[in-house]
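Peer 1: Using only what follows, build the 3D model:
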Amino acid sequence: MAAMLEFRTPGWNPYAVKYSPYYDSRIAVASAANYGIVGNGRLFCLGLGPQGVQIEKTFDTNDAQYDLAWSEINENQLLVACGDGSIKLYDMNINEFPVMNFHEHKRETFSVSWSPVTKDTFASSSWDGTIKIWSPARKESIKTLPVGNCTYSTSYCPSNPHIISAVSTDSHLRIFDLRTPVSAQYHLTTKIPVHVPPPVPPLQGPTPPAAPGEILTHDWNKYNHTVIATGGVDKVIRTFDIRNPSAGPESIMLGHDYAVRRLAWSPHASDILISASYDMTVRLWTDGSSMPAQQASPVKAGIQLGIMNRHTEFVTGVDWCLFGVGGWVATVGWDERLLLWDANRLLQGQA
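Peer 2: Numbers count the residues shown, from 1 in each chain. Sure thing, here's the model as predicted:
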């Protein structure tokens with residue numbers, strides 16, 4: 001494979017990219033016309049072959065597409081989160097129309113996530129301040145979790161189907177446990193203020209700003225299922241252990257010049273994550289957990305391992321390939337481009 005593969009989406013500004021969990025040669029991109037401000041959306045289902053990246057199927061929506069998730073039960077199906085509040089389930093073997101349309105959110109649906117454990121539900125989050133849990137087999141949601149403010153990102157714990165996380169405009173990371181009584185908290189078990197400064201600053205570099213800022217993205221560590229990374233408007237990436245919510249961040253990563261739009265833990269190493277930013281860069285990090293302890297501070301200063309700056313607009317999506325040698329990533333940006341490249345080359349300074 002060449003060092004970097006490219007696919008262009010002329011007229012469409014990508015918002016999210018996901019590798020198929022079934023094939024390393026299949027990728028999907030959710031996009032919007034006019035940067036998602038007004039107009040249609042287009043879902044690109046792409047295949048990697050000897051001729052490079054080629055379109056297998058496209059699906060158009062009446063509104064912008066902000067996120068997507070592959071089905072965990074059908075290799076040909078995938079969800080798209082839309083600006084009109086709907087979530088659409090498409091099948092690559094069925095032309096044009098969605099096989100299911102889920103529409104309860106009152107404002108933009110900004111995030112969608114399929115349960116990786118039981119595989120029989122998915123979650124969505126919206127600017128309307130709610131998370132909804134769905135079954136792909138029924139049109140009505142199973143459960144609604146109120147967050148109360150614009151919720152940019154929701155996700156399932158990788159090992160426990162009852163635990164769901166979310167981040168939102170109020171600078172908090174929330175954990176819901178669906179096994180708890182509904183009560184006044186609606187299954188909310190943990191609420192971590194992301195912006196609270198650590199009790200002892202990390203040894204290296206400046207202390208990050210402590211003013212609350214919108215949290216735009218988060219992801220669960222694939223090897224340590226109590227650790228979550230967050231990123232957002234204040235440009236700082238932080239990791240938290242949800243078993244100890246009052247302890248503040250475990251590690252802090254500083255380097256982006258503008259908001260962190262999307263981040264993802266590596267499926268191949270416990271301390272590696274990648275982030276995409278409005279500063280047009282993609283950065284590879286270690287959270288410091290595999291390094292010797294920094295005695296003077298309980299907070300580790302994560303280290304930037306490499307930077308990819310081939311995008312020429314906001315970078316809005318990033319995903320790791322689950323298969324192969326363990327370094328391939330896909331990134332998309334408002335420059336109407338999907339780039340596929342080997343993060344291992346960043347470590348060698350070649351990207």
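Peer 1: how about residue 227, what does it touch?
Peer 2: Shown in contact with residue 227 (C-beta atoms under 8 Å, 6 or more residues apart in numbering): 220-221, 239-242, 250. All C-beta atoms are positioned from the backbone trio N, CA, C, and that covers glycine.
Peer 1: For the protein, give me the ranges with low pLDDT.
Peer 2: 1-2, 198-210, 293-296, 349-351 (pLDDT under 70).
Peer 1: Pick out the most distant pair among the contacts of residue 227.
Peer 2: 220 and 250 (13.7 Å; C-beta to C-beta).
Peer 1: what about the strands in the stretch 1-150 of the chain?
Peer 2: Assigned by DSSP state E, counting those that start in this stretch, the strands in the stretch 1-150 of the chain fall at 4-8, 13-19, 26-32, 41-49, 52-61, 65-70, 77-82, 86-91, 100-103, 109-114, 122-126, 130-134, 143-146.
Peer 1: right, and the ones you listed - which one's nearest residue 168?
Peer 2: strand 122-126 (8.0 Å).
Peer 1: hang on, the earlier thing: tabulate the contacts of residue 227 (CSV), appending neighbour count and distance to residue 144.
Peer 2: Formatted as CSV, those follow (neighbours: other C-beta atoms under 10 Å; distance: C-beta to C-beta, whole Å):
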residue, neighbour count, distance to residue 144
220, 22, 22
221, 21, 27
239, 27, 29
240, 23, 25
241, 15, 28
242, 18, 22
250, 22, 31
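Peer 1: of those, closest to residue 28?
Peer 2: The closest of these, once distances to residue 28 are taken by C-beta to C-beta, is residue 220, at 20.8 Å.
Peer 1: Pretty sure that closest one sits against residue 158.
Peer 2: Yes. Counting by C-beta atoms under 8 Å, residue 220 does reach residue 158; the two are 5.3 Å apart.
Peer 1: List the residues that contact residue 253.
Peer 2: Counted by C-beta under 8 Å, 6+ apart, residue 253 has contacts 236-238, 275, 285, 287, 301-304.
Peer 1: Please tell me how far residue 39 sits from residue 7.
Peer 2: From residue 39 across to residue 7, the span is 21 Å (C-beta to C-beta, to the nearest Å).
Peer 1: who has more neighbours, these two?
Peer 2: residue 7 (21 against 16; other C-beta atoms under 10 Å).
Peer 1: Give me the nearest residue to that one, chain neighbours excluded.
Peer 2: Leaving out its chain neighbours, the residue that sits closest to residue 7 by C-beta to C-beta, 6 or more residues apart in numbering is residue 53, at 3.9 Å.
Peer 1: List the contacts of the one you found.
Peer 2: 5-7, 27, 46-47, 338, 340.
Peer 1: Among the residues you listed, list the two that are farthest apart in space.
Peer 2: Among the contacts of residue 53, 6 and 47 lie farthest apart (C-beta to C-beta), at 14.9 Å.
Peer 1: out of those two, which sits in the busier spot?
Peer 2: The neighbour comparison of residue 6 against residue 47 (other C-beta under 10 Å) goes to residue 47, with 16 against 13.
Peer 1: how about residue 223, what does it touch?
Peer 2: 269-270.
Peer 1: For residue 125, see how far away it is.
Peer 2: The gap separating residue 223 from residue 125 is 25 Å, by C-beta to C-beta.
Peer 1: ok, back up a step: ok, so of the contacts of residue 227, who is nearest residue 297?
Peer 2: Among these, and counting by C-beta to C-beta, the member closest to residue 297 is residue 250, at 11.0 Å.
Peer 1: Would you confirm that that closest one contacts residue 297?
Peer 2: No. Using C-beta under 8 Å, residue 250 is not in contact with residue 297; the gap is 11.0 Å.
Peer 1: In contact with residue 213: list those residues for me.
Peer 2: 171, 195, 232-234.
Peer 1: let me fix that: residue 322
Peer 2: So residue 322 contacts 19, 21, 24, 267 (C-beta under 8 Å, 6+ apart).
Peer 1: Can you lay out those as TSV showing neighbour count and distance to residue 330?
Peer 2: Formatted as TSV, the contacts of residue 322 follow (neighbours: other C-beta under 10 Å; distance: C-beta to C-beta, whole Å):
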residue	neighbour count	distance to residue 330
19	23	6
21	15	13
24	13	11
267	16	13
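Peer 1: how about those, which pair is most distant?
Peer 2: 24 and 267 (11.8 Å).
Peer 1: How many residues are close by the nearest residue in space to residue 67 that is not next to it in sequence?
Peer 2: In this structure, residue 67 finds its nearest non-sequential neighbour in residue 81, 4.1 Å apart by C-beta to C-beta, 6+ apart. Neighbour count of residue 81, defined by other C-beta under 10 Å: 29.
Peer 1: same check, this time on the one 10 residues further on
Peer 2: Residues lying near residue 91 (other C-beta under 10 Å) number 17.
Peer 1: how much space between it and residue 338?
Peer 2: In this view, residue 91 and residue 338 are 22 Å apart by C-beta to C-beta.
Peer 1: do residue 299 as well
Peer 2: Taking C-beta to C-beta, one finds residue 299 at 35 Å from residue 338.
Peer 1: Over to residue 15?
Peer 2: Distance from residue 15 to residue 338, by C-beta to C-beta: 12 Å.
Peer 1: got any residues that touch both of the two?
Peer 2: Common neighbours of residue 15 and residue 338 (C-beta under 8 Å, 6+ apart) are residue 332.
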